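Participant: Predicted model and sequence below, questions to follow.
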Amino acid sequence: MTSMSELYTFDALKKFLKNNGYIVGDSKGYKLIRVDFEEAYTNGKIDFQSTGIFYLDENGFKRQGYMYQTRYLVDKYGFPKFHIFECETIRKFLDKGVFDQYYSFSTANTNDIIERRTGEEFKNVSLSLCGYCRHMLLNMQAEELFGEDMVGIKALLINSVSNTQGFYDALGGSEQNEMPEQVDIDMFGYVKEWQKISEYIREKHQYVCENCGVILNGFNKRFLEVHHINGNKLDNREYNLKCLCIRCHSEIDKRHKENYQVSRSNRIRLQQYLKCLSKGEFQFSNSDTDSDIYPF
C-alpha cells in the first residue's frame, strides 16, 4: 500500500524547487494538534500572522489552527466561539498578560468543552466562528490572499469557516500537506513557492493550454494559469495541476465564473485576453478554433 509520504513526493518538481534554493520537506498526512495555549505561547510556539494563527510543532512544521476556551460558562453563554485571527477578543486577552482563561490551540474539527461551574463535559463540539474574526475575514482583499494569477474564493471561504468543521475542511483535513518552517502554509491555500511551482508546470507544458491548445508566447505567457484539479491548493502533486489559459480557467464551473468577477485584476486580465483572442493574435497547437466551446 502506498504511504502518504510517497503520494505527496514532488519528484521533478521538488528537485526544481531545491535547485532554486527552497527547502521543501517531505509531505505527510494531516496531524491532529490540540495543545494548551499558555504553554505553547510562553515557549514561543505560537505565531500570529495577518493570515491566521500558527503553531510550530516538534518537527519544525508550521500548522495553522485556531484558539478556543476549553472551560467555559456554557450554561450561561452557550458554547465558546473559536478564533482564527488575533481579533479584538484575543488581543484583549493577550494584553492582560494574565492567562486566566482556559485557551487551547487546535486543528481539530471538533473539541470537548467543560462547563466551568458544574464540570459537565460536552463531547465533540463543533464551535462557531467568532464575530470579530468573521468581520476581519470579510474585509480581506481576495488579491492579497491569493495573488494576481489566481482568483480568490473569498465568499466560499467565509461560508466554509463558519465552524470548526468548516475550518478543518478548508485546511484539507486528512489530505493536508505539510511544509517545513521555511515554507508557510495558510488556510487561504498557497505555499510561498507557488510562483515557482506555477512557472515549472507552465514551462513543462511549453506555455500551451491543456484544454483549448492555445500557444502563449512572450508577454502573453501571463495569460496561462495553473489550476488545482481537486480544488485543494495545498495538493501540488503534478497530476493535480493543469495548465489552462485564463479563459478556460474562468469557464471551469459556476464558482470560477463568479470568482473571476470578484477580483478586479483578474477581470481586467480576462478582458485583455479575450480582446487579443478576438483579433486572432494566438495560434493553436491543435485543430480547435475559438468557435469551439471549451468543454469540461
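Facilitator: Structure received.
Participant: how long is stretch 127-136 from one end to the other?
Facilitator: From the first residue to the last, stretch 127-136 extends over 18 Å; the measure is C-alpha to C-alpha, to the nearest Å.
Participant: just how off-centre is it within its chain?
Facilitator: On the basis of C-alpha atoms, centre = their mean, to the nearest Å, the separation between the geometric centre of stretch 127-136 and that of its chain is 18 Å.
Participant: List the contacts of it.
Facilitator: Contacts of stretch 127-136 from elsewhere in the structure, counted by C-beta atoms under 8 Å, 6 or more residues apart in numbering, are 68, 79-85, 87-89, 111, 113, 158, 161-164, 167. Bear in mind the C-beta positions are built from the backbone N, C-alpha and C, glycine included.
Participant: which strand of the protein spans the most residues?
Facilitator: Longest strand in the chain, counting residues (DSSP state E): strand 62-69.
Participant: right, and the helix or strand after it?
Facilitator: Next along the chain after strand 62-69, taking DSSP states H and E as the criterion, comes strand 71-72.
Participant: if we can go back for a sec, tell me which of the contacts of stretch 127-136 fall in strands.
Facilitator: Residues from the contacts of stretch 127-136 lying in strands, with DSSP E as the criterion: Tyr68, Asn111, Ile113.
Participant: what about Gln101, which SS state?
Facilitator: Judged by DSSP: H, G, I helix; E, B strand; the rest coil, the three-state class of Gln101 is coil.
Participant: Tell me, what's the model's pLDDT at the closest residue to it other than its chain neighbours?
Facilitator: Ranked by C-beta to C-beta, 6 or more residues apart in numbering and with sequence neighbours excluded, the top spatial neighbour of Gln101 is Gln69, at 5.7 Å. Predicted confidence (pLDDT) for Gln69: 96.
Participant: residues near Gln69, how many?
Facilitator: Gln69 is flanked by 23 other residues according to other C-beta atoms under 10 Å.
Participant: so where's the stretch 51-200 of the chain uncertain?
Facilitator: Segments of the stretch 51-200 of the chain classed as low confidence (criterion: pLDDT under 70) are 140-160, 171-193.
Participant: could you redo the last one with a cut-off of 80?
Facilitator: Within the stretch 51-200 of the chain, the stretches with pLDDT under 80 are 51, 57-62, 97-100, 138-161, 169-196.
Participant: how about stretch 198-210: buried residues?
Facilitator: By neighbour count, and taking 16 or more other C-beta atoms under 10 Å as the criterion, the buried residues in stretch 198-210 are Ser198, Tyr200, Ile201, Arg202, Tyr207, Val208, Cys209.
Participant: Let me know the secondary structure of the residue sitting furthest away from the middle of the chain.
Facilitator: Relative to the centre of the chain, and counting by C-alpha atoms, centre = their mean, the farthest-placed residue is Thr118 at 39.1 Å. Each residue gets one of three states, and Thr118 gets coil by three-state DSSP.
Participant: what does the one 5 residues further on give?
Facilitator: Counting by three-state DSSP, the backbone at Lys123 sits in strand.
Participant: burial of the residue nearest to it when sequence neighbours are not counted, as a residue count?
Facilitator: Spatially, and ignoring its direct neighbours in sequence, Lys123 is nearest to Asp112 (5.3 Å; C-beta to C-beta, 6+ apart). A total of 12 residues lie near Asp112 under the criterion other C-beta under 10 Å.
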